[in-house]
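S.K.: I'll drop the sequence and a predicted model, then ask my questions.
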Amino acid sequence: MPAPAIQAAPLPVRRPEVLDFLATRRSVAAKTMTAPGPSRAGLEEILAAGARVPDHGMLVPFRFVVLEGPARDRVAAAARAAALEAGLGEENAGKAERSAGLGPVVVAVICIPVASPKIPVWEQELSAGAACAALVNAGLAAGWGANWLTGPVARTPAFLHTAFAAPEGAFVAGFVHFGTPTVAPAERERPDLAAITDWPEA
Ligand SMILES: Cc1cc2nc3c(=O)[nH]c(=O)nc-3n(C[C@H](O)[C@H](O)[C@H](O)COP(=O)(O)O)c2cc1C
């Protein structure tokens, strides 16, 4: 039997609108967002873009948990409780609660590294981070405010277990918040390209 034809991805072409977006994109602070957030259909478009990231070995070392309303509030409360339980103090407990509870819609990106003889855990963690960045950019490109937060309990086992029944070794790569912006975000300083870029001649 002939092998099934593999569909080709499109060849790269210059896309000025995309380049302009990447050159001007800016997160919107979750604390300045209001309702509504994206609908389920809108979110599915954003999630598909978030899952389309480089992933060595195609291990898919991340999961998305969509949090809205009571589910979001339950996770935010668990984050607060875990911070207090871990002795991190009231200020960090507030930060932990807000890291999961601010935006109208929050996607928790859980990094779950897959046991592999070839692909190290750190590469899988980078893939989960790439998914977070792709979610932020897809959300912004769809016209929503988007913001990537982690907070003080993103790697706290008790929180991960209570909130997500996550296996050992898993952690929150990001709580990515989506909502309606209420204020235009101020521009922030960007790295000096010349200072961070080398062009060795040999
Ligand atoms: C891994 C990661 C975790 C972050 N966690 C937090 C956080 O917990 N609280 C916070 O205020 N900002 C946090 N930030 C920063 C925000 O995402 C901030 O909005 C972002 O750096 C702005 O970048 P932009 O202007 O390029 O969009 C985090 C950023 C990254 C990459």
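M.R.: That came through fine.
S.K.: Val121 - how many residues pack around it?
M.R.: By other CB atoms under 10 Å, the residues close to Val121 number 14. The C-beta positions use only the backbone N, C-alpha and C, and glycine is treated the same way.
S.K.: what does the longest helix that the chain contains contact?
M.R.: Looking across the chain with DSSP state H, the single longest helix is helix 121-141. Helix 121-141 is contacted by residues 21-22, 25-28, 38, 45-47, 49-56, 59, 61-62, 107, 109-111, 113-114, 116, 145-148, 169, 173-174, 176, 178 when judged by CB atoms under 8 Å, 6 or more residues apart in numbering.
S.K.: let's see it at 6 Å
M.R.: If you take CB atoms under 6 Å, 6 or more residues apart in numbering as the criterion, helix 121-141 is touched by 21, 25, 46, 49-50, 53, 55-56, 61-62, 109, 111, 113, 146, 148, 173-174, 176, 178.
S.K.: near the ligand, from the residues you listed?
M.R.: 148, 174 (CB under 6 Å from any ligand atom).
S.K.: Now intersect the contacts of helix 121-141 with the strands, please.
M.R.: Counted as lying in strands by DSSP state E, out of the contacts of helix 121-141, are 62, 109, 111, 146, 148, 173-174, 176, 178.
S.K.: any idea which of those is closest to the ligand?
M.R.: Using CB to the nearest ligand atom, Trp148 comes nearest to the ligand of the ones in strands among the contacts of helix 121-141, at 4.0 Å.
S.K.: and the closest one, what is it in contact with?
M.R.: 132, 136, 174, 176.
S.K.: Share the number of residues neighbouring the first one, please.
M.R.: When counting by other CB under 10 Å, one arrives at 23 neighbours for Cys132.
S.K.: Next: the third one.
M.R.: Neighbourhood size, Gly174 [other CB under 10 Å]: 26.
S.K.: That one: what's its closest spatial neighbour, skipping adjacent residues?
M.R.: In space, and not counting its chain neighbours, Gly174 is closest to Cys132: 3.7 Å by CB to CB, 6 or more residues apart in numbering.
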